[in-house]
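Undergrad: Here is the input, now give the coordinates:
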Amino acid sequence: MTDSHEALLKRYLQLPERLEVAIAGLSNSELDLTKGEGWSIRQYVHHTVEGKLMWQIFLRAIAGRDGIEFPIAWYFDLTQEEWAQRWAYDKHTIEPTLVLFRSSTRALVEMLRKIPPEAWEHNGRVT
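TA: Purely as a prediction, here's the structure:
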């Protein structure tokens, strides 16, 4: 792992805290505010964290196998709005999602700090 990789990981580790700071002190009604259209803050938080989880799985697979492909047509078969509805982004609480984001981010960084140096040269492709 190079110094630039470590710098990247340190910035990545800041993401959960930055999200938590951005929404700190918001009430449930403020988290659900939409201004009449679009997603609420709550929905964006869930979407952001679940999206990061998907990409974390891809990164783990890439670290283990160079050139891997990820067929995720299942995901693109629906719109973002449909996924948000099916996964109830507007109904579930923020706290467990934030804990998951912090924990999964730390776990990924821990893994990336331990992988063989050549794994940093691997790549993958979403198909």
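Undergrad: excluding its backbone neighbours, what's nearest Ala84?
TA: Gln43 (5.5 Å; C-beta to C-beta, 6 or more residues apart in numbering). C-beta coordinates here come from the backbone N, C-alpha and C atoms, glycine included.
Undergrad: quick one: the one you found from Tyr89, how far?
TA: In this view, Gln43 and Tyr89 are 4 Å apart by C-beta to C-beta, to the nearest Å.
Undergrad: Contacts for the helix or strand of the chain with the lowest mean pLDDT next, please.
TA: Ranked by mean pLDDT, DSSP states H and E, the weakest helix or strand in the chain is helix 73-76, scoring a mean of 90. With C-beta atoms under 8 Å, 6 or more residues apart in numbering as the test, helix 73-76 has contacts from 54, 83, 127.
Undergrad: Strands of this structure, start to end?
TA: 68-70, 124-126 (DSSP state E).
Undergrad: Let's have those strands in JSON lines, adding mean pLDDT.
TA: Output for the strands of the chain, formatted as JSON lines (pLDDT from 0 to 100):
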{"stretch": "strand 68-70", "mean pLDDT": "94"}
{"stretch": "strand 124-126", "mean pLDDT": "93"}
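Undergrad: Now tabulate these in TSV and tack on mean neighbour count and distance to Ser4.
TA: As requested, the strands of the chain are exported to TSV (neighbours: other C-beta atoms under 10 Å; distance: least, C-beta to C-beta, whole Å):
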stretch	mean neighbour count	distance to Ser4
strand 68-70	13	23
strand 124-126	13	20
